[in-house]
Structure formats: C-alpha cells, structure tokens
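1. Any chance you could fold what I've pasted below:
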Amino acid sequence: MALIDANRAQRRTRARLVLINVVLALGAVLILLPFVWMLSLSVKPENEIYQAAIHFLPEQWDFDNYIEAFEFGEVGTFVRNGVCVTLTILAIQLATVIPAAYVLARKRFRLEGAAFALVLTGLIVPQQAVVIPLVLPFMTSALGIFLLRQSFKAIPQDLIDAARVDGASEPYILWFILVPLVKPALAAFAVFSLVSHWNDFFWPLLVVNDLQLATPPLGISIFASDEGGNDVGPMMASATVIVAPLLIAFLFARRWFIQGVTLSGLK
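-> A predicted model of the protein is given here:
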C-alpha cells in the first residue's frame, strides 16, 4: 500500500513539473515573440513588411535596412553614446551606493531608521518626479542601496572584526574585503542600472539638443513619422542593433544576476 502511495505521489510530482515547464515555455514564447518579429522585420524588404499575411521568415532577405540604419540613422553613434552614458552613470552610482549601503548595514547611528526609511521611500518615487528639480538625478540609486545593504548585512560580523584586529582601515575593509564578497548583488544592480538607463527616453529628450549626442532610444525616433513610422525596416534594424548589447550583457551576467536578486531578498 505504501509503495502504491509513493508511486502516485511520484506521478503527481512529475505531472506538476511537466505542467510548470509547459507554462514557463509558453511564457517564454510570449516574451520572445516581439523580439523575433522585430528581427524578422529588420531583414524584410519594404513590400513584405506591409503585406497583410504574417510570416516570420522573409521571402527575400534584405539587409539594406541595416545599411540605412548605420548610414542614415547613425545607429553606431547612438550605441556609442549609450555605452558612454550608461557606464558613466553606473560608475557614479557604485561610488555613492556602496558606501551608503555599507553604513546602513554595519554602522549604528541615531538617524539610522530615518535614513533607511528615506531609501525605501526613494524606491516608490518615479524617476520623472526628480528629473526636473535635480541637475544629475541618477548620481545614486535607492534600489542599489537596498540591494547592497541586504548583502552587506548577510556577511558575518566576525570577518569585519578580524580585519580590524589585523589593522585594516574602514575603506580597505569595504572596498577590498566586503565588495568582492557581494559581487552577485553588484552584478544584479549593474544589470538593473544598465537596462534602465540604456532604455531611458525621457531624460535624454529633455537635455539633448544635438542628434550626435543622442542615446539609442532618442536616436531611433528619427525614423518615426507623424503617421507612426514609415521607415519600419530601418527602425527595426536599429532596434535590433540596440537590443543586442543588452542581451549579450545579460547572458554573461545572468548567473550573478539571479544569485544577487535571490540573496538580496528582492521579489
């Protein structure tokens, strides 16, 4: 009887796993479908783009859209600008977020609770609300402080005390002992920061008045017309080139990203 019950439980477990995998596969298809369609449009000639029938593989492969995206759209300039902007923002944020998270995680002071409450409040404030009054609204990140604070708190205090006994200074403990231990959290925050600012359209729209300084989302808008976009092919080609660096970066950092989000307790 016990053997029969065990077999039934095993079959139910297998059926549950199959159902979960099917649901996840369907979800992945739904998420990836727009990207596949974008790639399909980027290699179609104009006459196929506006056909009523939907087919993912083009009847005639046409890479002129990519040539136009680089020559007329200057997508290479936009990608270069995007890399410079996002990496600069990330470097500035790490320089401010890491010390702030360390202080909130390991130091005790009178306004500690109020300071952490301000950080949590910053998580619910939309970016658009601070863009206008602040000259550099992205110098720090409430999300980054929260992520790293959770990771710093998970490090045993004995390790820090041992470093102090050995004569290590607080900056040395932070940057050379603790920071290497929270690489997954740093990778998770880096992915969030890079994706957010790479895709940001609102802030560059306010501050950039020269197309040569445009970031990818702002630069790609030159293909849009008042009717919603006549140059669909070059626009999709540009979008493919712009999305590719994010996909490559995530593939390289996915293990640290998942581990960092898990250890930080972020849902």
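
2. ok, now which ones touch residue 79?
-> Contact analysis of residue 79 by C-beta atoms under 8 Å, 6 or more residues apart in numbering lists 216, 241-242, 245. C-betas here are computed from N, CA, C, even on glycine.

3. In three-state terms, label the residue lying closest to residue 106 once chain neighbours are set aside for me.
-> Leaving aside its chain neighbours, residue 106 sits nearest to residue 152 (6.2 Å; criterion: C-beta to C-beta, 6 or more residues apart in numbering). Look at residue 152: counting by DSSP: H, G, I helix; E, B strand; the rest coil, its state is helix.

4. Looking at residue 152 now. What's its pLDDT?
-> For residue 152, the pLDDT comes out at 92.

5. likewise the one 10 residues further on?
-> On pLDDT, residue 162 comes in at 92.

6. Now do it: how many residues are near it, please.
-> Per other C-beta atoms under 10 Å, the neighbour tally for residue 162 reads 13.

7. now do the one 3 residues further on
-> The local packing count at residue 165 equals 8, with neighbours defined by other C-beta under 10 Å.

8. on that earlier part again, of the contacts of residue 79, buried ones?
-> Taking 16 or more other C-beta atoms under 10 Å as the criterion, what is buried in the contacts of residue 79 is 216, 241-242, 245.

9. Filter the residues you listed down to the ones in strands?
-> Residues of the buried ones among the contacts of residue 79 located in strands (DSSP state E): none.

10. Columns pLDDT and distance to residue 222 on top of those residues, output as JSON lines?
-> Below are the buried ones among the contacts of residue 79 laid out as JSON lines (pLDDT from 0 to 100; distance: C-beta to C-beta, whole Å):
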{"residue": "216", "pLDDT": "90", "distance to residue 222": "11"}
{"residue": "241", "pLDDT": "90", "distance to residue 222": "14"}
{"residue": "242", "pLDDT": "89", "distance to residue 222": "13"}
{"residue": "245", "pLDDT": "83", "distance to residue 222": "20"}
